[in-house]
Structures are given as structure tokens and as C-alpha cells.
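*Asks:* Task: produce atomic coordinates for the following.
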Amino acid sequence: MSNETKTVTRRTVAKGAAWSVPVVALGAGAAQAAASGEPTCPNCFKAGSIPTPVVSAATNTNGTAALFPWVATLNIDSTGCPLNLFRPAYTAIATNSTLTMTDGRSYTSNVGLGSGAGTFGQISAFAFAGNFSGVTLSRFPVVGTYPSNGIRPAKFCVDFNFILVGLPSLIQITCPQTLCWNVSSIPVGAGVGGVGVVTFTSTLSPA
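*Replies:* Got it, this is the predicted structure:
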């Protein structure tokens with residue numbers, strides 16, 4: 001079997017610590033890969049708990065944040081992955097992210113998310129940085145603090161492309177998967193005349 005690259009599409013995940021240059025996988029497709037006896041995408045990656053809170057500060061202008069930053073260390077659990085079918089090292093590329101607020105509105109960010117390297121059989125950390133724009137927030141009072149029950153983050157999801165290397169052929173396959181976390185947030189902030197800065201301290205747990 002040659003070292004040609006094959007691409008398998010389905011939803012899978014990521015992990016890693018330092019963002020690196022992504023591996024590029026080209027190729028034939030899931031049906032062709034399966035017919036050749038090559039391993040297909042394993043549905044084994046899970047969202048892990050996030051011990052470090054996410055702190056996001058946004059300028060709230062009359063109920064809208066022009067930019068809502070979301071910088072987090074995302075834990076990915078790969079302890080359930082088949083260690084005998086793939087090389088231990090893999091590459092994860094974040095392609096898109098979605099932030100859903102408690103009012104049900106969702107916002108996407110697909111720039112600056114990065115890529116990283118991970119290892120099967122471990123819970124590993126990926127550095128993530130996204131910016132969501134035009135997020136609707138609760139309005140500040142004329143003078144006062146942000147409402148404790150105001151609009152805040154509720155759910156966070158990331159689309160990943162995982163680049164895996166099959167054994168024994170060493171053929172690369174690409175496995176897309178989305179991981180989601182539930183978000184519990186505490187807002188703190190004050191404003192005057194409807195304008196101010198609100199800071200959300202958020203804890204993430206697997207959805």
C-alpha cells in the first residue's frame with residue numbers, strides 16, 4: 001500500500017498544548033478508505049472538564065458588545081481512543097466555534113482559533129482564542145451594575161479537524177468532530193448612561 005493520503009469525513013475531536021503548523025491531509029474519501037481496510041475515524045474524543053475559569057471582559061454599549069473575547073484552555077479527553085489503530089500523536093485544527101448566550105442567541109468565530117498536537121490515551125489541553133462580535137447583552141441601568149440575572153454565556157462549542165495516522169499503513173485521515181461545553185457564568189460590571197465594561201467569569205463542564 002502506498003503512502004497516499006486519504007480523507008475520512010465524520011465528526012471527531014482534538015487535543016494538545018502548544019499550537020503548531022497543521023498537517024495537511026488530502027485524499028479519496030471514507031468509502032474508499034473503508035474498502036481498502038484502512039481504519040476509519042474513531043468517535044472517541046470527548047470534552048473534558050475545564051479547571052481554569054474563562055474570564056471575558058467586554059464593553060457593553062446599550063446592550064451590545066462589539067467584541068466579546070473568549071480565550072480558554074480546552075481539555076480534550078482521548079482516554080477512550082483505540083491505541084492500536086493509530087499513531088499516538090495526532091494534529092487537531094479548530095475550524096469554527098459557537099458561543100450561545102442565555103437568551104438563546106448564538107454567535108460564531110472562525111478566525112485565529114489555531115491548531116495543536118495531541119496524544120491518544122491522555123487528557124490534554126488546547127489553547128483557544130476566539131472573538132465573537134455583536135453579542136447582545138443586558139443593558140446597564142442609567143447608573144449601576146450589570147444585572148446578576150442578565151444575559152451571559154450558556155454554551156460553547158468548537159469544530160475540530162483531527163489528523164490521524166493509521167497503522168500500519170501510515171496513511172493520514174481527517175476526522176471532523178464538534179465538542180461542546182456547558183457554561184456557568186457570573187457577571188460583574190458597572191456602567192453609566194448605558195455604557196460600561198462587564199466581566200464574565202465562566203466555568204466550563206462537558207455538555
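*Asks:* where does this structure dip in pLDDT?
*Replies:* 1-38, 112 (pLDDT under 70).
*Asks:* Spatially central, which residue of it would that be?
*Replies:* Val158 (2.9 Å; Cα atoms, centre = their mean).
*Asks:* what about that one, is that helix, strand or coil?
*Replies:* strand (DSSP: H, G, I helix; E, B strand; the rest coil).
*Asks:* is it true that it touches Ala92?
*Replies:* No: counting by Cβ atoms under 8 Å, Val158 does not reach Ala92; the two are 9.6 Å apart. Using the backbone N, CA and C atoms, a C-beta is placed for each residue, glycine as well.
*Asks:* Do a quick rundown of the helices in this structure.
*Replies:* Secondary structure of the chain (DSSP state H): helices located at 30-35.
*Asks:* List the beta-bridge partners for the residue nearest to the centre of the chain.
*Replies:* Ser97, Leu179 (DSSP bridges).
*Asks:* List the contacts of it.
*Replies:* Ala14, Leu74, Ala94, Asn96, Ser97, Leu113, Phe128, Thr178, Leu179, Cys180 (Cβ atoms under 8 Å, 6 or more residues apart in numbering).
*Asks:* tell me the contacts of the residue nearest to the third one when sequence neighbours are not counted?
*Replies:* Translated: Ala94. Leaving aside its sequence neighbours, Ala94 sits nearest to Leu113 (Cβ to Cβ, 6 or more residues apart in numbering; 3.7 Å). By Cβ under 8 Å, 6+ apart, the residues touching Leu113 are Ala94, Thr95, Asn96, Ser97, Phe128, Ala129, Gly130, Val158.
*Asks:* The same query, at a cut-off of 7 Å, please.
*Replies:* Applying Cβ atoms under 7 Å, 6 or more residues apart in numbering, we find Leu113 in contact with Ala94, Ser97, Phe128, Ala129, Gly130.
*Asks:* Narrow those residues to those in strands?
*Replies:* Counted as lying in strands by DSSP state E, out of these, are Ala94, Ser97, Phe128, Ala129, Gly130.
*Asks:* Now distance to Pro147 and neighbour count too, for those, in a markdown table please.
*Replies:* Formatted as a markdown table, the ones in strands among the contacts of Leu113 follow (distance: Cβ to Cβ, whole Å; neighbours: other Cβ atoms under 10 Å):
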| residue | distance to Pro147 | neighbour count |
| --- | --- | --- |
| Ala94 | 32 | 26 |
| Ser97 | 26 | 25 |
| Phe128 | 28 | 22 |
| Ala129 | 28 | 16 |
| Gly130 | 25 | 24 |
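*Asks:* closest to Ala65 among these?
*Replies:* Nearest to Ala65, judged by Cβ to Cβ, of these is Gly130 at 13.5 Å.
*Asks:* Report the beta-bridge partner residues of the nearest residue to the closest one once chain neighbours are set aside.
*Replies:* Counting by Cβ to Cβ, 6+ apart, the nearest residue to Gly130 once its immediate chain neighbours are dropped is Ser109, at 3.7 Å. With DSSP bridges applied, Ser109 shows beta-bridge pairing to Ser97.
*Asks:* pretty sure Ser109 contacts Phe128?
*Replies:* No: using Cβ atoms under 7 Å, Ser109 makes no contact with Phe128, being 9.9 Å away.
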